[in-house]
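Below are the sequence and a predicted model; questions follow.
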Amino acid sequence: MDSTKRVYGLRLTASSAKRAVSAAVIVILILTFLGFPPPVGIEIRPQSHVYLIWLMYFVVVLIIEIAAIPMIYRCPSVGGVLGILAAILNILFILADQAHLLQPEVAPFSYFLLQSVTVIASLALAYFSSVIRQIARMPKPQSSAS
């Protein structure tokens, strides 16, 4: 039987929380792909002004996001931590971009909207990852042999 957690009166099973984490990561990856420069995405600022440290940070965030999906299914407690970490790093990356730390040019409004949706998806990722961690830490019911 699948462990459940009550969320606002609704039952949230571990498998549905895992699917929600996978969906949130996929949405974030699609939004990230849409944030690339043309012809793929909508980013119009020159990428030559992006500092190398932020490129490495971006790659680390992508690796953690992608690693979170299989870890959610193999080891839920570790996958939950990776999901929470990926969400936090994503939000910090967006805040750094809005603070002009990535590059000095101002982001266009369409890119700001894309980043806003990414923040919402990251918050969902963090929430469902924390639910998975809580479910993984719940004691397993003991079966009686009588």
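Thanks, I have it. These figures come from a predicted structure and were not determined experimentally.

does Leu12 sit in a helix, a strand or a coil?
With DSSP: H, G, I helix; E, B strand; the rest coil as the basis, Leu12 sits in strand.

what's around it, how many residues?
By the criterion of other C-beta atoms under 10 Å, Leu12 has 19 neighbours. In short, each C-beta sits where N, CA and C put it, glycine included.

Show me which residues of whichever helix in the chain runs longest are buried.
Identified as the longest helix of the chain according to DSSP state H is helix 109-137. In terms of neighbour count (16 or more other C-beta atoms under 10 Å), helix 109-137 has its buried residues at 111, 114-115, 118-119, 121-122, 124-136.

swap in stretch 42-61?
Residues of stretch 42-61 classed as buried: Glu43, Arg45, Tyr57, Phe58, Val61 (neighbour count, 16+ other C-beta under 10 Å).

Where do the helices of the protein begin and end?
All helices of the chain, identified by DSSP H, fall at 14-34, 52-74, 76-98, 109-137.

contacts for the first one?
With contacts defined as C-beta atoms under 8 Å, 6 or more residues apart in numbering, helix 14-34 is touched by 2-5, 40-42, 62, 65-66, 68-69, 72-73, 76, 79, 83, 86, 90, 114, 117-118, 121-122, 124-125, 128-129, 131-132, 135-136.
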